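Enquirer: Compute the structure for the input listed below.
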Amino acid sequence: MLSVFVLALTTLLSACSEQPLAALKLSGKTMGTTYHITVVHGEQAIDAAAIQALVDQRLQQINQQMSTYISDSELMQFNRLPVGQWQQVSPELFHVLLQSMEISWLTGGAFDITVGPLVNAWGFGNTGHEDRIPSQTLIDSLLADAGFQNIELNIGSIAISKKTPLQIDLSAIAKGYGVDQVADLLREQGYQHFMAEVGGELRLSGHSPKRQPWLIAIEQPDGSFGEVYKAVALTDKAIATSGDYRNYFEKEGQRYSHTLSPITGKPITHNLASVTVIADEAAQADGLATAINVMGPEAGLKLAQQQGLAIYLLVKTEQGFAAKYSDAFRPYLQ
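Expert: The predicted model follows:
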């Protein structure tokens, strides 16, 4: 699967003359990265230890279902399953697989959860980073086994199978799903105003402690941390960014991005530096950001206009970066 770019989205609080509301801040580790949560509770009593325990439990459950780093996870059991056999899975894993397939069909295969072996072959996967260029023979062999269309889903029995010895990696959507699950958990506990983030994927609900929409910054895509390019005010939305300006290697004067095209099995070569997507759910924003990053600025913007997607692109130019965005993103720039 395409390696996930760790988003550099900074939460900013706008100035407000009123006294800020009380807020609980939690953080921890999950899915090979970190999570950060801010719950605005005002005068409402809140049990920090209890909330964190519930969050950790939910995220651990998702890890056990979808991680490629846990040998006995549901997903890894499926990856070892022989071709043609069926495996019953949890409703959560099945749901994420359905979401992934929908994004794959929508984007013409630019999003594909079966290219993990190719990512590993290029040295960007969970086998550890190593600057290497695989042979065309190896690329062709791995592409022959890959392809989201070779995954079979049985909705009636909540079971999955495969037509080829493919391997699934959900790293480009599972963190977003984790954010959605944390958001659902917080609402179940009666909280309506919060920010939930896992590995940079964000879900915003209600207002910030300053009684204003959450102001989220899109980072300058030049490799410098904390430099803000644009900020957007959000409430009851999710946001995700994908880019290739931190995770890459150079060899013999050529730059190789960690983002691979599922069509060619090779790193993308276009001039799209980053893409930010706003959607109702973080899983959708997460997957679409990866897909549009693969598609490139022209095809990505065309898809967004056709489907009413809210996307913001930063395209590399000789002068720096040029911003392009869909009509659906325009209201967030006001």
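Enquirer: switch to C-alpha atoms for all contacts and neighbour counts from now on
Expert: Noted.
Enquirer: For A279, see how far away the nearest residue to T290 once chain neighbours are set aside is.
Expert: The shortest distance from T290 to any non-neighbouring residue, by CA to CA, 6 or more residues apart in numbering, is to S242 (5.7 Å). Using CA to CA, to the nearest Å, we find S242 at a distance of 14 Å from A279.
Enquirer: where are the low-confidence patches of the stretch 101-250 of the chain?
Expert: By pLDDT under 70, the low-scoring segments of the stretch 101-250 of the chain are 126-131, 222-228, 244-250.
Enquirer: Quick check: K210 touching V40?
Expert: No: using CA atoms under 8 Å as the test, K210 is too far from V40 to be in contact (9.5 Å).
Enquirer: What sits closest to E74 if chain neighbours are left out?
Expert: That would be Q65: by CA to CA, 6+ apart, it lies 4.8 Å from E74.
Enquirer: where does that neighbour land in three-state SS?
Expert: helix (DSSP: H, G, I helix; E, B strand; the rest coil).
Enquirer: Assign I37 to helix, strand or coil.
Expert: Per three-state DSSP, I37 ends up strand.
Enquirer: Pull out the buried residues from the host helix or strand of Q52.
Expert: Here Q52, judged by DSSP states H and E, is contained in helix 48-66. By 16 or more other CA atoms under 10 Å, the buried positions in helix 48-66 come out as I51, Q52, V55, D56, L59, Q60, I62, N63, Q64, Q65, M66.
Enquirer: got the contact list for the residue most central in space within the chain?
Expert: Ranked by distance to the mean C-alpha position of the chain (CA atoms, centre = their mean), the top residue is D286 at 3.1 Å. With contact set as CA atoms under 8 Å, 6 or more residues apart in numbering, D286 has these partners: A172, I173, K175, G176, E201, I239, A240, T241, S242, V277.
Enquirer: Repeat the analysis, applying 7 Å as the threshold.
Expert: Residues in contact with D286 (CA atoms under 7 Å, 6 or more residues apart in numbering) are A172, I173, G176, E201, A240.
Enquirer: just to revisit the earlier point, which neighbouring elements make contact with the helix holding Q52?
Expert: Counting contacts by 3 or more CA pairs under 7 Å, 6 or more residues apart in numbering; DSSP states H and E, helix 48-66 packs against helix 74-79, helix 174-188.
Enquirer: that older thread, would you format the contacts of D286 as TSV with neighbour count and distance to E92 included?
Expert: What follows is these, written out as TSV (neighbours: other CA atoms under 10 Å; distance: CA to CA, whole Å):
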residue	neighbour count	distance to E92
A172	25	16
I173	28	13
G176	29	13
E201	29	18
A240	33	21
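Enquirer: how about those in CSV, adding distance to L98?
Expert: Formatted as CSV, the contacts of D286 follow (distance: CA to CA, whole Å):
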residue, distance to L98
A172, 14
I173, 11
G176, 14
E201, 20
A240, 19
